[in-house]
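>>> Sequence first, then the predicted structure, then my questions.
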Amino acid sequence: MRVLVSTIGSRGEAQPALALATQLRELGQEAVVCAPPDFREWAESLGVEYLPVGPRVHGTAKQKAGASITAEQRRAMIEGTVADQFAAVGAAAEGCDVIVGGGALAIAARSVAEHRGIGYVYAAFAPVTLPSPHHAPPVYGMPGRTPADGTTGNGELWAQDAQRWYLLWSAPLNAQREALGLTPVTDVSGHIYSGAPWLAADPTLAPWPEPSELKVLQTGAWILPDHRPLPPELETFLDAGEPPVYFGFGSVRAPEGIARAMIEAVRSLGRRAILARGWAELEPIDDGPDVLAIGEVNQQALFPRVAVVAHHGGAGTTTAAAAAGAAQLVVPQMYDQFSFAGRVERLGIGTAHPADEPTAGSLTAALGRALAPEVAETARTVAGKIRQDGALTAARHLIETRRPGSPARRGEGGGSGRL
């Protein structure tokens, strides 16, 4: 079997795609990943076949939050990414038996699968991104959208969300479908999600709420094992005193002045800090010996050795910190990060910073709560419940449903494009 894993986004989307592809290869299957060019070298170092799509996304982390673009610019960006995806995913799907579309911006995946008459699976990385009567759509960081005020039901909010998807994406999507001889799509988001999506998130950290109209298969998070040693400089810093506070925003943008505010907060509590530069290129405010700036390192090796992981609330970092048994301080910025922040607080494994702009004072208060002994104890307990086999579960399910005579294959006629 040959599987194409298609995704658009930053490391939070690329890493689980690589995890699934790696697991499939270990089970004797072929896999290719189609994602932004930023991750090609990383994929090839893992021995994963990789085909890039679209422009590099690294620079988006340095853009100012709230930077406005015109409607014409947005329309051009949408048309460009749809065209790029149909070209790249269409080429990458050659010889494949199934396409796994990771994340809602993998617009072309299902149409390409339908055109080729092969299987299709949609995988979400957070439950809040899938329609449910139990939660509203994520809106933080989305242009022109504000959180629900509680006066509109979740069903209506998801209907409004589907309408927005249609207005933004239907014209370029259907133009590409027409060129392939496919019928138009009238429900863009429903077309992408399918009726039976997968949820690549940990069931303890991010459970799917039932009952639901969707037939959701929760596989667990797709974790890519990392065996790299920590850099000697980092080892020396860790050994020089009590566990420090880790702080980083990964591959997303960071609020203006966040590095200064966080360092001041850490120092006010008498702690040391590890500052991950990330794509936002955060830097220390001085050359004090109590702060070490680092590049990209093995989080699986680092997080068990820190007092608190302070971060943006991305699915990957939240899961890595939870699996390590580290307390968390989540400073969410957009989309599903607010959901993960709330879940961390409800589980008692950390603190969620309010949606307000973070300051040294607000971070000091939130960090102080995260450093409480009972939070550390709960985090260690929850760590034992975090599954490590999500990618294996997904890979095995793909293999099983592609066997001759399986229900998925028996119902495949006419290129239904769904497992």
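Good, I have the coordinates. Keep in mind that this is a model prediction, so the values were computed, not measured.
>>> how much space between residue 57 and residue 230?
27 Å (CB to CB, to the nearest Å). Where C-beta positions appear, they are placed from N, C-alpha and C, glycine not excepted.
>>> can you check residue 193 too?
In terms of CB to CB, residue 193 sits 39 Å off from residue 230.
>>> same check, this time on residue 3
Counting by CB to CB - residue 3 and residue 230 are separated by 33 Å.
>>> Who has more neighbours out of the two?
Applying other CB atoms under 10 Å to residue 3 and residue 230 shows that residue 3 carries more neighbours, namely 25 against 16.
>>> Need phi/psi at that one.
phi -120, psi 130 (degrees, to the nearest 10).
>>> Next: the one 5 residues further on.
Here the main-chain torsion angles of residue 8 (degrees, to the nearest 10) amount to phi -130, psi 130.
>>> and it, what is it in contact with?
Residue 8 is in contact with 35-36, 53-54, 81, 85, 103, 105-107, counting by CB atoms under 8 Å, 6 or more residues apart in numbering.
>>> ok, of these, which one's closest to residue 46?
Closest approach to residue 46 among these (CB to CB): residue 35, at 12.9 Å.
>>> Bridged to that closest one, which residues?
Using DSSP bridges, the bridge partners assigned to residue 35 are residue 52.
>>> Could you report the neighbour count for it?
Residue 35 has 30 nearby residues by other CB under 10 Å.
>>> Look up how far residue 14 lies from it.
Taking CB to CB, one finds residue 35 at 5 Å from residue 14.
>>> list residues touching both of these two?
By CB under 8 Å, 6+ apart, the residues touching both residue 35 and residue 14 are residue 7.
>>> Which of the contacts of residue 8 fall within strands?
residue 35 (DSSP state E).
>>> got the contacts of residue 8 as a markdown table, with distance to residue 277 columns?
Shown next, in a markdown table, are the contacts of residue 8 (distance: CB to CB, whole Å):
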| residue | distance to residue 277 |
| --- | --- |
| 35 | 22 |
| 36 | 20 |
| 53 | 26 |
| 54 | 24 |
| 81 | 27 |
| 85 | 30 |
| 103 | 25 |
| 105 | 26 |
| 106 | 28 |
| 107 | 31 |
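>>> Mark which of the contacts of residue 8 are buried, thanks.
35-36, 53-54, 81, 85, 103, 105-107 (16 or more other CB atoms under 10 Å).
>>> Looking at those residues, spot the one nearest residue 42.
Nearest to residue 42 among the buried ones among the contacts of residue 8, with distances taken as CB to CB, is residue 35, at 10.1 Å.
>>> Tell me the first helix or strand C-terminal of the longest helix anywhere in the chain.
In terms of residue count, the longest helix belonging to the chain (DSSP state H) is helix 154-179. Following helix 154-179 in sequence order, the next helix or strand is helix 188-193 (DSSP states H and E).
>>> Not counting the helix or strand following that next one itself, show me its contacts.
Per DSSP H and E, the first helix or strand lying C-terminal to helix 188-193 is strand 198-199. Strand 198-199 is contacted from outside by 121-125, 127, 130, 206, 208, 216-219, 394, using CB under 8 Å, 6+ apart.
>>> which two in these are spaced the farthest apart?
So, the contacts of strand 198-199 by CB to CB: farthest apart are 121 and 206, at 18.5 Å.
>>> shaky segments in the stretch 201-350 of the chain?
In the predicted model of the stretch 201-350 of the chain, no residue satisfies pLDDT under 70.
>>> Leaving out sequence neighbours, find the closest residue to residue 101.
residue 109 (3.3 Å; CB to CB, 6 or more residues apart in numbering).
>>> Actually, residue 32.
Here the residue nearest residue 32, using CB to CB, 6+ apart, is residue 49, at 4.3 Å.
>>> now swap in residue 158 and tell me
Nearest to residue 158 is residue 131, by CB to CB, 6+ apart, at 4.6 Å.
>>> distance of the one you found from residue 39?
29 Å.
>>> Those two: who's more crowded?
Using other CB under 10 Å, the more surrounded residue of residue 131 and residue 39 is residue 39, with 25 against 20.
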